[in-house]
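Asker: when you get a sec, could you give me coordinates for this:
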Amino acid sequence: MGRINQLKPEVFNMIAAGEVVERPASVVKELVENSIDAGASSIEISIVDGGIKKITVSDDGAGILPEDMKLAFLPHATSKIKDFNDIDVLSTLGFRGEALASISSVSEVKLTTTPKGGECATISLKGGEIISEGFASRSQGTTIEVENLFYNTPARLKFLKKTSSEANLVIDTVRKLMLANPEIAIKLNVDGKTVFEQQSGSLEDSIYSVYDTKTMQGLMEVAEEFNGIRISGFISKIEFTKSNRTYQTIIINGRCVESQVVQTAVEQGYSGFLMKRCYPVYVLNIIMPFDQLDVNVHPRKAEVRFANQQAVFSAVYHTINSNISKYAHDIAVNFTNSRQGILEQDEYRQKIEGPKSEQTKLETTNLYKAPIRQKPDYLPNLAKMQNPENDLNSLDSTLGNSNLNFSQNPTQIGTPEYSKSEYSISNDSLESTPIFDGEIIGQLFDTYILVEQGEMAYLIDQHAAHERILYEKIKKNLDKMESQPLLVPYTIYLSGTESDYFIQIIPKLNAMGFDVQKEGETKFTFYAVPEILVGIDIKKFMGNLFEDMISDEDLNMELLVKDKISQQACKAAIKGGNEFNSAQLKQVVQALLDEQGNLPSKCPHGRPTVVAISKKDIEKLFKRIV
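Answerer: Below you'll find the model as predicted:
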């Protein structure tokens, strides 16, 4: 007797259920997507005991014809497609015809449906077997009840989490379905209590429904199109982040999916604006040609494959980066005497402030016991200084100790020499910059500069702010950088796949100041690098370049170079701990402003550069106002 057995339907249905029906949340997703495909304008979901005991999904969609009810529970029976070619232009959420067969094989199911202009019918199944059929009464649409999930597969039941955890997974699933379908009224009840209730409306309305007002206020709307790929939705402002990625939703052609390509593009788009382990909140809706997307790559259709990954990556990256860069510029503090286009100070404070923290308790008895440290004479108002220039001559030497100049020891091999006047602070450089009109109160802990302007006080991190200014200045002059020949050329050997990728980007690398030559099928030699990248670890640079070959090659190099620029800027910027007198502070603050007189809100690593507090806030602290 042969050893190969043809499995019975009830056996392969239960195997399929292991892929499609992972837990109650999987059942809810499949049933709600069926309702959406049926054209429902209103869907109500109810679960009991995390969905393990009971799941009910009711809609007002097209309904099912009585003669199709038995077929609906057979494997690979679907109304979505007829032949293989339909998959290439698939516009529905479901198409395999596995969900109902898989769900009914591991639970007790009752389906009640009324098609348009037809009679209401009902059918009940247990373990995939029909136990009753008949007629019932309800308005147009479908109600499906799933009870005792995994009752006949105790091993599967054992691996479920506790009911509260399963309920939370259902909540997360429904939240994403609501965000993907704001035009549909969706309601979720958990153990008799309403958790979500969304009326049909816009994506903004949906975000209010599933999150809260504070979350919506922390988001900004985006809408861009690149090469036939439309991207819209909401992304978080740079001051509004979460400690994990659970607040991130990716919707592609109406389908909620997980995509490493999109996720990576978003995070790199925020590069330079967020600190490590701070994750943006976003709801991104991506519309692209159906034939450029393969949804048939995952049992639960949770992942997709792109025909052109680089095009998607590039579109998402540019959408995020351009909008975030513009926002960061808009919220910069303006310290010049030009008031046009400047944000209202209270509005700025609201934008950059994080969660309010309680005031540190002061032990007033210690205020008179601490030794007084002698500091330079800070005058209350720089405008009253009689001869501030007397103190400026020592500024270059003071700042020189903090590596403001990019030039290092000229005897070091391969180290470029930069003009000190180009990157250090000098009297001449101040003549072409806007006139500072705030009042410098002083310096705290030799690290933070306190500035008063109108009804606002600003505490500036001197290192972070100067680091950002240098970063932007160097980045702007990248295309003017000279090549620096290497004393010893660096040769690398690549794999076939790496070689194919690298050959495509060699012209772009050389245009940036590299000198790379192909000297064999897989052999390449670096003869020069851009001046700004002198001292770069080429082996590590190449490793990073090939780490994520899905990226658009231009973007990949740009991000790597940006990382090196931020390192250079960090080394060259004024350091915390540098002490300045009042005249020097004026020059330091002037150096922290860009050409428009704006102080950037974030350093290249995403740390804040300035904290704002209003006079009203201070008066509240001292109970002058309540």
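
Asker: poorly predicted segments of the stretch 401-550 of the chain, please.
Answerer: Low-confidence segments of the stretch 401-550 of the chain (pLDDT under 70): 401-437, 474, 477-481, 532, 544, 547-550.

Asker: same thing but 80
Answerer: Applying pLDDT under 80 to the stretch 401-550 of the chain flags the ranges 401-438, 465-482, 496-497, 501, 505, 508, 511-512, 531-537, 540-550.

Asker: for it, which segments count as strands?
Answerer: All strands of the stretch 401-550 of the chain, identified by DSSP state E, counting those that start in this stretch, fall at 439-444, 448-453, 456-461, 483-493, 515-518, 523-530.

Asker: can I get the third one in CSV, CA atoms only?
Answerer: Listed next in CSV are the C-alpha coordinates belonging to strand 456-461 (Å, rounded to 0.1, in the frame of the first residue of the first chain):
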residue,chain,number,x,y,z
MET,A,456,8.7,84.6,25.9
ALA,A,457,11.8,83.1,27.4
TYR,A,458,13.9,80.6,25.4
LEU,A,459,16.4,78.2,26.8
ILE,A,460,18.9,77.3,24.0
ASP,A,461,21.2,74.3,24.0
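
Asker: for the residue lying closest to A121 once chain neighbours are set aside, give me its contacts.
Answerer: Spatial nearest neighbour of A121, excluding adjacent residues (Cβ to Cβ, 6 or more residues apart in numbering): P66 at 4.4 Å. Where C-beta positions appear, they are placed from N, C-alpha and C, glycine not excepted. For P66, the contacting residues are 115, 118-119, 121, by Cβ atoms under 8 Å, 6 or more residues apart in numbering.

Asker: which single one of these is nearest to P489?
Answerer: For these, the residue nearest P489 by Cβ to Cβ is P115; the value is 74.9 Å.

Asker: now that closest one, nearest residue through space, not along the chain?
Answerer: Leaving aside its sequence neighbours, P115 sits nearest to G63 (Cβ to Cβ, 6+ apart; 3.6 Å).

Asker: quick check, the one you found in a strand?
Answerer: No - under the criterion used here (DSSP: H, G, I helix; E, B strand; the rest coil), G63 is coil, not part of a strand.

Asker: got a pLDDT number for it?
Answerer: G63 is assigned 91 on the pLDDT scale.

Asker: what's the distance between it and R624?
Answerer: G63 sits at a distance of 67 Å from R624 (criterion: Cβ to Cβ, to the nearest Å).

Asker: and what of F306?
Answerer: Using Cβ to Cβ, F306 is found at 59 Å from R624.

Asker: more crowded one of those two?
Answerer: Using other Cβ atoms under 10 Å as the criterion, F306 and R624 rank with F306 on top: 19 against 10.

Asker: still on that earlier bit, so which of the contacts of P66 is surrounded by the most neighbours?
Answerer: A121 leads these on contacts (other Cβ under 10 Å) with 21 neighbours.

Asker: these two touch, right, that residue and R138?
Answerer: No - taking contacts as Cβ atoms under 8 Å, A121 lies outside contact range of R138: 10.1 Å.

Asker: how about N227, phi and psi?
Answerer: Here is the backbone geometry of N227 (degrees, to the nearest 10): phi 50, psi 50.

Asker: any idea how many residues pack against it?
Answerer: When counting by other Cβ under 10 Å, one arrives at 10 neighbours for N227.

Asker: T213 too?
Answerer: Per other Cβ under 10 Å, the neighbour tally for T213 reads 9.

Asker: in the lengthiest helix in the chain, what's buried?
Answerer: Looking across the chain with DSSP state H, the single longest helix is helix 309-330. Buried residues in helix 309-330, counted by 16 or more other Cβ atoms under 10 Å: 309-321, 323-324, 327-328.

Asker: do stretch 528-544 as well
Answerer: For stretch 528-544, a neighbour-count test (16+ other Cβ under 10 Å) marks 528-536, 538, 541-542 as buried.

Asker: hmm, back to that, now tabulate the strands of the stretch 401-550 of the chain in JSON lines and tack on distance to F580.
Answerer: Listed next are the strands of the stretch 401-550 of the chain as JSON lines, based on distance: least, Cβ to Cβ, whole Å:
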{"stretch": "strand 439-444", "distance to F580": "6"}
{"stretch": "strand 448-453", "distance to F580": "8"}
{"stretch": "strand 456-461", "distance to F580": "12"}
{"stretch": "strand 483-493", "distance to F580": "34"}
{"stretch": "strand 515-518", "distance to F580": "42"}
{"stretch": "strand 523-530", "distance to F580": "33"}
